[in-house]
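Peer 1: missing the sequence, but the structure's below:
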């Protein structure tokens, strides 16, 4: 019998965006991307896996609900892990024939632009790799589940290389810097909405790849230069350069969505208010103190240094008040700071109605997938989810 393996894996938020594929089946991107892996103790996916000879079929439960195992990306990940295990001779051949049970859950909203699939597939592949004793890099396999999942295989700051080979063997993730490299870096995730996106990322990418001239220009001219510059900024802990590129990248990504035909958008009126607030605040300060980035959803991720968190949090609370202030900020502990009335008088964004931002997640750069050894599995010894009881 195999024991149960349980892994937690992190969310990553890109600063150089992945948008568009050169190969849909292998999930090969048009360009390199760069992201920060966020603290696993604040936001994570958790997955338990086991294999037994008495299991009748491969089975998966997601967030407490049994799902079909026919998803091709899921099948690809399991097949590749088993193939890698067979190549490495890490387990015996009989073990490879046993069916698996997979139980996975996220502690944050799914399908709302919070990189749930990235964390989920990175977690799945890391857990399966541990189950089958695979030792080699698994970022390529995670990519087959969800492109950006390959970046969640590592902690710190991570670069996903687009690669040039048609088989995708060089489209892998590598670490730019580990989680301890820039300890002052923080992230504030402003959750604007938790509803499912009208246009999935997969569909949006396809439309943009087929119709956007701006995307073609971005891939050829903008991304190569920005990628090298932001990796250098990360290595040098140059916040001003990091922040400037991060915001320009976000703006260009969403401009591509509007340049697509038919056009679509992921950001909302509230998102635009957040953008305006950030630029106004930076202008008042006379330098960049906070940077925004938006993935395929309305939620903002603000990157800033630790010393700025109290003031920026107080500013957000002032402009976007909550009817539940005691539960407004989750994650890392935080304090408020008195806001100067002179600064408030210069703001172009006035206080909005309550609850436009549902809550704020305060987090930091963190480690990659971690195997739990405390026995806190999602399934019992029979391979059945604990949530079923």
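Peer 2: Arrived safely, thanks for sending. Owing to the predicted nature of the structure, the values given are computational and were not obtained by experimental measurement.

Peer 1: Just after whichever helix in the chain runs longest, pick out the following helix or strand.
Peer 2: Assignment by DSSP state H gives helix 239-259 as the longest helix of the chain. As assigned by DSSP states H and E, the chain's next helix or strand after helix 239-259 is helix 269-285.

Peer 1: Now do the SS call for the residue lying farthest from the centre of the chain.
Peer 2: The outermost residue of the chain, judged against the average C-alpha position, is residue 342 (37.2 Å), by Cα atoms, centre = their mean. The three-state assignment at residue 342 reads helix, by DSSP: H, G, I helix; E, B strand; the rest coil.

Peer 1: Can you pull out the low-pLDDT segments for the stretch 251-389 of the chain?
Peer 2: Scanning the stretch 251-389 of the chain for pLDDT under 70 picks out the ranges 388-389.

Peer 1: Now do the helices in it.
Peer 2: For the stretch 251-389 of the chain, the helices defined by DSSP state H, counting those that start in this stretch cover 269-285, 309-319, 341-346.

Peer 1: Using JSON lines, lay out those helices together with distance to residue 334.
Peer 2: (Glycine included, C-beta is placed from N, CA and C.) Below are the helices of the stretch 251-389 of the chain laid out as JSON lines (distance: least, Cβ to Cβ, whole Å):
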{"stretch": "helix 269-285", "distance to residue 334": "17"}
{"stretch": "helix 309-319", "distance to residue 334": "6"}
{"stretch": "helix 341-346", "distance to residue 334": "19"}
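
Peer 1: Could you list every helix and strand that the longest helix of the chain packs against?
Peer 2: strand 12-16, helix 201-211, helix 213-217, helix 223-236, strand 290-294, strand 300-305 (3 or more Cβ pairs under 8 Å, 6 or more residues apart in numbering; DSSP states H and E).

Peer 1: Can you pull out the residues in contact with the last one?
Peer 2: For strand 300-305, contacts defined as Cβ atoms under 8 Å, 6 or more residues apart in numbering pick out 13, 15, 36, 184-190, 192, 239, 242-243, 246, 271, 274-275, 278, 289-295, 312.

Peer 1: please redo it, this time with the cut-off set to 6 Å
Peer 2: Identification of contacts with strand 300-305 by Cβ atoms under 6 Å, 6 or more residues apart in numbering yields 13, 184, 186-190, 274, 290-294, 312.
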